[in-house]
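Participant: Any chance you can model this:
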Amino acid sequence: MNLIDTNVILRYLIGDGENIAGVSSLFDRLQKKEENVECLPMVLFQVIFVMQSFYKVEPSKIINLISSLLSMPGLYIKNKSVYLLMLDLWSRGGGDIIDAYLVAVSESENDRKIYSLDKGLDKMTHNRIMPR
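Facilitator: Now for the predicted structure:
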């Protein structure tokens, strides 16, 4: 299975830049499951970071766009359910995307505890513990 890079996903989600026709064609095939690609977790986080920092896209719009992306039958990412939970937690406004990811992993894996000094995590989970 081929891998997909951040810039291709960004071109698709933002809708501008070079080779937009080729990018659109690829995502049409992914939507129809005529082709499969793998999105590595680091790429997904980089897409979110660039959309937020460079393109100044609001978190609510990022959540909708990434949810649509993850729903494509031809796009594979390991533990997709964790990323969908992460987006749901982030949509509730409990913190930043990394906090939401930590909580999603914690809850998906038998309520693993999270060592953190960030009391803001307590808004999303009961699994935060202080280092001792």
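Participant: What is the neighbour count of residue 108?
Facilitator: Using other CB atoms under 10 Å, residue 108 has 14 neighbouring residues. (Glycine included, C-beta is placed from N, CA and C.)
Participant: Identify the nearest residue to it in space, disregarding sequence-adjacent positions?
Facilitator: Distances taken as CB to CB, 6 or more residues apart in numbering place residue 82 nearest to residue 108, at 5.0 Å, with adjacent residues excluded.
Participant: pLDDT at that neighbour, what is it?
Facilitator: At residue 82, the pLDDT value in this model is 95.
Participant: Now do the same contact list for it.
Facilitator: Counting by CB atoms under 8 Å, 6 or more residues apart in numbering, residue 82 touches 101, 104-105, 108.
Participant: Among those residues, which are located in helices?
Facilitator: Using DSSP state H, the subset of the contacts of residue 82 located in helices is 101, 104-105, 108.
Participant: quick one: the helices in this structure?
Facilitator: Assigned by DSSP H, the chain shows helices spanning 6-14, 20-31, 41-53, 59-70, 80-91, 97-108.
Participant: In CSV, list the ones you listed along with distance to residue 128.
Facilitator: Below are the helices of the chain laid out as CSV (distance: least, CB to CB, whole Å):
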stretch, distance to residue 128
helix 6-14, 30
helix 20-31, 37
helix 41-53, 21
helix 59-70, 21
helix 80-91, 13
helix 97-108, 9
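Participant: circling back: put the buried members of the ones in helices among the contacts of residue 82 into a ChimeraX selection.
Facilitator: Selection of buried members from the ones in helices among the contacts of residue 82 for ChimeraX, criterion 16 or more other CB atoms under 10 Å:
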select :101,104,105
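Participant: tell me the mean pLDDT over stretch 108-125?
Facilitator: The pLDDT scores in stretch 108-125 average 87.
Participant: Can you read off the pLDDT for the residue most central in space within the chain?
Facilitator: With distances taken as CA atoms, centre = their mean, residue 44 lies nearest the centre of the chain, 5.0 Å away. With respect to pLDDT, residue 44 scores 97.
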